[in-house]
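Colleague: With the input below, show me the fold.
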Amino acid sequence: MNNPEITPFIGPNGLKYLNVTAHPLNLFDLDCGEFIVPPSGWVVNVEIEVLTSRRVGEIQVDYTRPLKDAETELLLRQWKARDVIIIGSSTAAIAYPDLVYAPVMVMKNQRLTKVAHARRFSVPVFAGEETMPTITLELGMPEFQPHLDRLETGLKGD
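Modeller: As a prediction, this is how the structure comes out:
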C-alpha cells in the first residue's frame, strides 16, 4: 500500500470497501439501505490481449485474456488481507479473480437499476465445456473450436 491517501470506505453495514473504479458506486444493503462508495483514487485498469478472432456471420468474435500486472496484484492481495472488499470493473474482476469483485446490479420492478448489491458480487468462472465463450479466457488455442462451433450454430438458429 504505497499510497497513504488511499483508505477504504466503511459502509453503514460495517464492511470495508475499496472502489477501484473512477466513479462512485451506489450499493444497497437490506439492513441499512442505499449508500455510495466513493472512488478510492486508485483505478485498476486492465489491458486486454486478443488471442484470436473469428467472423461469425456479420459479427466478429474476439477471444481475449486480461494482462495482469504483478505490482497491482500484490497491492490487491495486501488490501484483501485487511478484509477489504475490492470493487472494480468486470475486466478487473476477470484479471484478478477473488481479489477484485464486479458489482451485481439490483433489480427493481423487473428492471436493472444503477444500484449494486452491497453483499453480492460477481466472480468470473473458468470451467470447461459448459463455459460461455465470453469467459473462456484461460483456454489454449485448440480448445476454442468447440466454443466457436456452438456459438456459430446458435447464431444460425441450429
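Colleague: Look up the residues forming beta bridges with the spatially closest residue to R55 that is not a sequence neighbour.
Modeller: Nearest non-adjacent residue to R55, counting by CB to CB, 6 or more residues apart in numbering: V61, 7.7 Å away. The C-beta positions use only the backbone N, C-alpha and C, and glycine is treated the same way. Per DSSP bridges, the residues bridged to V61 are R54.
Colleague: Distance check, V61 against E5.
Modeller: Taking CB to CB, to the nearest Å as the measure, V61 falls 41 Å from E5.
Colleague: For these two, indicate the residue with more neighbours.
Modeller: Applying other CB atoms under 10 Å to V61 and E5 shows that V61 carries more neighbours, namely 18 against 7.
Colleague: what about Y96, distance to A102?
Modeller: Look at Y96 and A102: by CB to CB, they are 11 Å apart.
Colleague: shared neighbours of those two, which are they?
Modeller: G88 (CB atoms under 8 Å, 6 or more residues apart in numbering).
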